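> Any chance you can model this:
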Amino acid sequence: MSALFEARKIATKQAPSALIRFLALFDGEIKAVLPSLGKHIGVNSSATKRDLGITFAPIEESLVETANYLVDNGFVKS
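Numbering: from 1, shown residues only. Sure, this is the predicted structure:
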């Protein structure tokens, strides 16, 4: 995705777990993510597709559309 937004600096680093745990001492919202810290949470949409006939856009497409929306609507400076 960064190739589509070459003129922008896109952060690709993750905060260290120790930093998140420290910040959680002072922020309840950060504390709420501690149980899932470092765990991969996978999803499976096969039942949704099978039972409801719903298909989802690929994640890459959704990310690009969201980024464009944020820029186009002034949430991110261009």
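
> what's the first-to-last distance across stretch 21-37?
With Cα to Cα, to the nearest Å as the measure, stretch 21-37 spans 9 Å from end to end.

> For it, give me every contacting residue.
The contact list for stretch 21-37, computed with Cβ atoms under 8 Å, 6 or more residues apart in numbering, reads 17, 20. Placement of C-beta: from N, CA and C, glycine included.

> Give the residue farthest from the middle of this structure.
The centre of the chain is farthest from one residue, Asp51, which by Cα atoms, centre = their mean lies 26.6 Å away.

> What strand or helix carries the spatially most central residue of the chain?
Per Cα atoms, centre = their mean, the C-alpha nearest to the average position across the chain is that of Leu63, at 8.5 Å. If you go by DSSP states H and E, Leu63 is part of helix 59-72.

> Now do the same for that helix: mean pLDDT, whole number.
Regarding helix 59-72, the rounded mean pLDDT is 90.

> Now do Asp27 against Leu19, distance only.
Distance, Asp27 to Leu19, by Cβ to Cβ, to the nearest Å: 12 Å.

> ugh, typo on my part, it should be Ile10
For Ile10 relative to Leu19 (Cβ to Cβ), the value is 20 Å.

> Show me the shaky parts of this structure.
1-2, 78 (pLDDT under 70).

> all helices in it, in order from the N-terminus.
17-24, 28-31, 46-52, 59-72 (DSSP state H).

> Quick one: closest of these to Leu4.
When the helices of the chain are compared by Cβ to Cβ, helix 59-72 sits nearest Leu4, at 6.1 Å.

> Run through who's touching stretch 62-69.
Here stretch 62-69 has contacts from 1, 4-5, 57, 75-76, using Cβ under 8 Å, 6+ apart.

> List the ones among those residues that fall in strands.
Counting by DSSP state E, no part of the contacts of stretch 62-69 is found in strands.

> With distance to Ser45 as added columns, please give the residues you listed in TSV.
Output for the contacts of stretch 62-69, formatted as TSV (distance: Cβ to Cβ, whole Å):
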residue	distance to Ser45
Met1	21
Leu4	25
Phe5	27
Ala57	11
Phe75	28
Val76	29
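
> how about those residues in CSV, adding distance to Ala47 and neighbour count?
Shown next, in CSV, are the contacts of stretch 62-69 (distance: Cβ to Cβ, whole Å; neighbours: other Cβ atoms under 10 Å):
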residue, distance to Ala47, neighbour count
Met1, 28, 11
Leu4, 32, 12
Phe5, 34, 14
Ala57, 18, 10
Phe75, 34, 8
Val76, 35, 13
